[in-house]
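In: Mind looking at a prediction? Sequence and model below.
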Amino acid sequence: MAVRLFNLRDVPDDEAEEVRQLLSEHDITFYETHAGGWGIGTPAIWLNDEGQLDAANALLDSFQKQRSAEVRAEYQALKEEGKHVTFLDKFKQHPVLVIVFIFVTMFILYVSLSPFLNFGK
């Protein structure tokens, strides 16, 4: 019976491709499902053989630890060079958009909380 190994929702394309290559290099048979046209499906990598699940999980765990370390090192290098993106950088690039998002957030908070704040009045 097929078993889901890796959820692909919100996974960067390069990471998904590296996972596919890793599984192929170790002769683990898998197939992939997509979210579909409406985006309500489950994009994932599934194993054909449940017997390969332990080996695939071990490979995936080591891969994710390695990738996490690489991404953290890359971010730290950008931070040391002063090239990482901060809130102030986003504000400088798109000031109107940032202000609109702040006002929309404040409006949603007001609409959500006002019934509770005015409950006793």
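Out: Right, received. Where do you want to start? Numbering: from 1, shown residues only.
In: least trustworthy helix or strand in the protein by mean pLDDT?
Out: The element with the least model confidence among the helices and strands of the chain, by mean pLDDT, DSSP states H and E, is helix 87-93, at a mean of 91.
In: Restricting to C-alpha, output that one in CSV.
Out: Output of helix 87-93 as CSV, limited to C-alpha atoms (Å, rounded to 0.1, in the frame of the first residue of the first chain):
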residue,chain,number,x,y,z
PHE,A,87,11.3,45.0,7.5
LEU,A,88,12.8,48.4,6.9
ASP,A,89,14.1,47.2,3.5
LYS,A,90,10.7,45.9,2.6
PHE,A,91,9.2,49.3,3.7
LYS,A,92,11.7,51.2,1.6
GLN,A,93,11.0,49.0,-1.5
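In: Residue numbering should commence at 45 henceforth.
Out: Got it, first residue is 45 now, which makes that one helix 131-137.
In: gap between that helix and the chain center?
Out: Centroid displacement of helix 131-137 relative to its chain, using Cα atoms, centre = their mean, to the nearest Å, is 22 Å.
In: which residues sit against the helix or strand that it is followed by?
Out: The helix or strand immediately downstream of helix 131-137 is helix 139-161, counting by DSSP states H and E. Here helix 139-161 makes contact (Cβ atoms under 8 Å, 6 or more residues apart in numbering) with 134-135. Backbone N, C-alpha and C define where each C-beta goes, glycine included.
In: Outline the domain layout of the protein.
Out: Per the record's domain assignment (automatic domain parsing), the chain is made up of the domains 47-126, 129-165.
In: Just say which of those domains is most tucked in.
Out: Between the domains of the chain, the one whose residues have the most neighbours on average, counting mean count of other Cβ atoms under 10 Å, is domain 47-126 (a mean of 13).
In: Pull up the distance across it, start to finish.
Out: Start-to-end span of domain 47-126 (Cα to Cα, to the nearest Å) is 44 Å.
In: Which parts of this protein are helices?
Out: Under the criterion DSSP state H, helices of the chain are mapped to 57-69, 97-125, 131-137, 139-161.
In: Can you give the contact residues for the shortest one?
Out: This points to helix 131-137. For helix 131-137, contacts defined as Cβ under 8 Å, 6+ apart pick out Val142.
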